[in-house]
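Undergrad: any chance you can model this:
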Amino acid sequence: MNRVAYLDHVQQLIRTAFYYFSKEWVSEIVRPMEADQLLANELRRLLDLQLPQWILIAPTNGRFSRSLAIEEAIAEVDHKSGGIWSIAVSSAGETPTGENVTITPTEGKQVQAFFFSWARRRCLDALRGTQPKIFPAPVTDTFVIWDHVSKALTYYFQEEIANANDYLTHLVWFQDRVGTCLDGALHDWIDIRKRRAEVDWTAVRAGVDLVPKERIWHFALHEIAIQVGRVPAELVLPNRETSEAAFFSRVDLICTTCG
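TA: Residues are numbered from 1 along each chain as shown. Next comes the predicted model:
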């Protein structure tokens, strides 16, 4: 990847994460008894799982510093974060007592500083890992597959663990997200490419192989533990090997039969 593409992707991830962070933080102020766990789930998925993993595997052309590019990307989003923050605050509505939400500029800056400090820590941790390897296929196509399958596996593991522990609150949402990522986004992308005779099967295979199964499993386990108010060691675990095999069989079926 060249520097521009690298910056664009980091900015996209940070910007989306900040949107979820703003919405989730303001919702806790407005309705603290109805905190949106799904927003918190998406925020942590982006900052604690997807962004660090992307940094670990995203190859570059070696003509720029990854650390400087990431810092520039974060600083750019930080500089323009006021608009996202304002939208989150203005769309919050009234508290249950009928009062308008009031957040002082100083308080808002402190909250935003916390978010960008969190993002920088996650990026720094990822940069300490191994250097990305050369991809065996076009980067853009590989990351499309990686992104869809990684998201789907995260929600799938969460669904499996939640189901094993009779935690039904967000079960339908997890199921819906798995379907959206696999039967929707992944299927449609491959289908369109097949119709144009542009499918690079090396990229498809590379994208699937790069999915961090172990990290996703631990992330899903800790997320469900947070949502049920228990420690991971207390949860009933499904058979991971069986669940994983079923998931990737579904992925393989979509890759071979769509279109």
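Undergrad: which parts of the lowest-mean-pLDDT helix or strand in the chain are buried?
TA: Lowest by mean pLDDT, DSSP states H and E among the helices and strands of the chain is helix 81-90, with a mean of 83. The neighbour-count check on helix 81-90 (16 or more other C-beta atoms under 10 Å) flags 81, 84-85, 88-89 as buried. The way it works is simple: take the backbone N, C-alpha and C, and place the C-beta from them, glycine included.
Undergrad: stretch 132-150 now?
TA: Those buried within stretch 132-150 under the rule 16+ other C-beta under 10 Å are 135, 137, 139, 141-150.
Undergrad: contacts made by it with the rest, please.
TA: 1, 5, 9, 50, 53-54, 56-60, 181-182, 185-186, 189, 200, 202-208, 210-212, 216, 251 (C-beta atoms under 8 Å, 6 or more residues apart in numbering).
Undergrad: and those, which are buried?
TA: 1, 9, 50, 53-54, 56-58, 60, 181-182, 185-186, 189, 200, 203-204, 206-208, 210-212, 216, 251.
Undergrad: in helices, which of those residues appear?
TA: Those of these mapping onto helices are 9, 53-54, 56-57, 189, 203-204, 206-208, 216, 251, per DSSP state H.
Undergrad: pick the one among the residues you listed closest to D125.
TA: L56 (9.7 Å; C-beta to C-beta).
Undergrad: check that closest one and give its pLDDT.
TA: pLDDT, L56: 94.
Undergrad: does it really touch R128, like I thought?
TA: No. Using C-beta atoms under 8 Å as the test, L56 is too far from R128 to be in contact (9.8 Å).
Undergrad: for W118, which non-adjacent residue is spatially closest?
TA: L47 (6.2 Å; C-beta to C-beta, 6 or more residues apart in numbering).
Undergrad: can you give me every residue that contacts that neighbour?
TA: Going by C-beta under 8 Å, 6+ apart, the list of residues near L47 reads 17, 118-119, 122.
Undergrad: can you rerun that using 10 Å?
TA: 13-14, 16-18, 20-21, 115, 118-119, 121-123 (C-beta atoms under 10 Å, 6 or more residues apart in numbering).
Undergrad: ok, the residue nearest to E76 when sequence neighbours are not counted - contacts?
TA: Nearest non-adjacent residue to E76, counting by C-beta to C-beta, 6+ apart: Q11, 6.1 Å away. Listed by C-beta under 10 Å, 6+ apart, the contact partners of Q11 are 70, 72-74, 76-77, 80.
Undergrad: weed out the non-buried ones from these.
TA: 70, 72-74, 77.
Undergrad: the stretch 51-200 of the chain: strands as residue ranges?
TA: Applying DSSP state E, counting those that start in this stretch to the stretch 51-200 of the chain gives no strands.
Undergrad: what about the helices in it?
TA: Using DSSP state H, counting those that start in this stretch, the helices of the stretch 51-200 of the chain run over 51-57, 66-79, 81-90, 105-127, 139-164, 171-179, 187-195.
Undergrad: those helices: lowest mean pLDDT?
TA: helix 81-90 (a mean of 83).
Undergrad: between helix 81-90 and the helix or strand that V26 is a member of, find me the angle.
TA: Using DSSP states H and E, V26 falls within helix 3-30. Using axes from the mean of the first three to the mean of the last three C-alpha atoms, to 10 degrees, the inter-axis angle of helix 3-30 relative to helix 81-90 is 30 degrees.
Undergrad: could you check helix 3-30 and say which residues are buried?
TA: Neighbour-count burial for helix 3-30 [16+ other C-beta under 10 Å]: 3, 6-7, 9-11, 13-14, 16-27, 29-30.
Undergrad: please apply the same query to stretch 225-240.
TA: Buried, per 16+ other C-beta under 10 Å, within stretch 225-240: 225, 227-228, 235, 238.
Undergrad: include secondary structure and pLDDT when you put these into TSV, please.
TA: Putting the buried residues of stretch 225-240 into TSV (DSSP: H, G, I helix; E, B strand; the rest coil; pLDDT from 0 to 100) gives the following:
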residue	secondary structure	pLDDT
A225	helix	96
Q227	helix	92
V228	helix	93
L235	coil	97
P238	coil	96
